[in-house]
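Asker: Here is my input, please return the structure:
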Amino acid sequence: MKISIVLPVFNEAGNIPQLYAALVPQLESVSMDYEILFVDDGSTDASVEEIRRLRGVNERVRLLSLSRNFGHQIALTAGIDHASGDAIVLMDADLQHPPSLIPQLISRWLDGFEVVHTVRRTTADSSWPKRATAAAFYRIFRGLSRVDLPSNAADFRLIDRKVADALRGIRERARFLRGLTVWTGYRSATIPFDAPNRQAGETKYSPARMLKLAVDALVSFSAAPLHLAVYAGIVLALLGFLYAGFALYARFVTGHVLPGWTSLAILVSIVGGIQLVLMGVIGVYLGKIFEEVKRRPLYLVRTRLGIDAPRPETPETAPAIDDGV
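Answerer: Okay, here's the model as predicted:
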């Protein structure tokens, strides 16, 4: 039984030593056959140097260094592509995903569950607006996509080898791995946890990045926004006909024709604004199609340290240097 830990890293030099010290005892308590795969996502601090130092201490430490910052979801994907374990645990490197949960994840996997999610009960440094918007997102996502993603699900999860192989065959660019993992349909269980404060550094998910992830998730899993655009158009057309009927009645029956400038300006403004919103929705979908049809690789690899290239069924992304250490 081999366990792989996949850790996307972007400027986490201050957390890596503590994370490693917390990980190793937990892994050795469940299996001596493990690997700790750090995926450097274009870090500009000393993260790579810290990982190389740990590699000198423990040869089970691996490094996959990407050529630039491709984003959290792509870094996780790269880790899945290169992980060799029978079970793969995905977790962040900021210590907000407690390594102490790993034995529980393994236990549920041994019970026969192919996906074991973790669900945040509380997050120590999360503000109430963030919690409220996250709760709203999960409700909207489930309603539009029909994918039963648990509320407050984290990217901290265990996946079986068969699930990893399924995900390796999905090469879409707008990736939302939480949703894709549920979409595969394999047997799943959940484990609740309380997320502690980040130990060092700053969160990489700014409000803009969170919004982009939410849009990617909704667009990737549902065409409902396009359907809503059609329904909104129908409603506006009906209201327009009703308004036209009222105008004709006022002109030819009552003879009292109001100047109408105010109502006309309001109507044009509302309809114009809604049209722009609907055009924006269509534009988002067209943009995603444009990104997909270019078929660029999801990521480019700069260096592999102690890692073999992916198996042939995964499209290779770029030649890379294998340090052979």
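
Asker: drop to CA atoms for contacts and neighbour counts, all remaining ones
Answerer: Fine.

Asker: Which of the three states applies to residue 32?
Answerer: coil (DSSP: H, G, I helix; E, B strand; the rest coil).

Asker: Next one: it, what pLDDT does it get?
Answerer: For residue 32, the pLDDT comes out at 82.

Asker: how far is stretch 130-149 from where the chain is centred?
Answerer: Centroid displacement of stretch 130-149 relative to its chain, using CA atoms, centre = their mean, to the nearest Å, is 13 Å.

Asker: lowest average confidence, helix or strand, in the protein?
Answerer: strand 321-322 (a mean of 49; mean pLDDT, DSSP states H and E).

Asker: For the residue nearest in space to the middle of the chain, give me phi and psi.
Answerer: With distances taken as CA atoms, centre = their mean, residue 176 lies nearest the centre of the chain, 3.6 Å away. When read as degrees, to the nearest 10, the backbone of residue 176 gives phi -130, psi 90.

Asker: and the nearest residue to it once chain neighbours are set aside, what does it touch?
Answerer: Among residues not flanking residue 176 along the chain, residue 217 sits closest, at 5.4 Å (CA to CA, 6 or more residues apart in numbering). Contacts for residue 217 (CA atoms under 8 Å, 6 or more residues apart in numbering) come out as 141, 174-176, 179.

Asker: residue ranges of the strands in the stretch 101-250 of the chain, please?
Answerer: 115-123, 153-160, 188-195 (DSSP state E, counting those that start in this stretch).

Asker: What about residue 47, how many residues nearby?
Answerer: 23 (other CA atoms under 10 Å).

Asker: per-domain residue ranges of this structure.
Answerer: 3-204+297-322, 224-294 (automatic domain parsing).

Asker: from the middle of its chain, how far away would the longest one be?
Answerer: If you compare the mean C-alpha spot of domain 3-204+297-322 with that of the full chain, they lie 11 Å apart, counting by CA atoms, centre = their mean.

Asker: number of nearby residues for the nearest residue to residue 171 once chain neighbours are set aside?
Answerer: Once flanking residues are discounted, residue 171 sits nearest to residue 298: 7.5 Å by CA to CA, 6+ apart. Other residues lying near residue 298 total 18 when counted by other CA under 10 Å.

Asker: Go ahead and report the secondary structure state at residue 298.
Answerer: Three-state call for residue 298 (three-state DSSP): coil.

Asker: Going forward, count from 16.
Answerer: OK, 16 is where the count begins now, so the last one is residue 313.

Asker: My read is that it contacts residue 189, right?
Answerer: No: with contact defined as CA atoms under 8 Å, residue 313 does not count as touching residue 189 (9.8 Å).

Asker: C-terminal to the host helix or strand of residue 299, what's the next element?
Answerer: Element membership for residue 299 (DSSP states H and E) is helix 276-309. Per DSSP H and E, helix 276-309 leads on to strand 316-320 as the next helix or strand towards the C-terminus.

Asker: Tell me the strands beside that following strand, with direction?
Answerer: Strand pairing for strand 316-320, using DSSP bridges, gives strand 76-81 (antiparallel), strand 336-337 (parallel).

Asker: Can I get it in CSV, CA atoms only?
Answerer: C-alpha atoms of strand 316-320 as CSV (Å, rounded to 0.1, in the frame of the first residue of the first chain):
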residue,chain,number,x,y,z
VAL,A,316,7.4,21.3,-16.2
ARG,A,317,10.8,22.9,-15.4
THR,A,318,12.3,20.2,-13.2
ARG,A,319,11.5,16.8,-11.8
LEU,A,320,13.3,15.6,-8.7
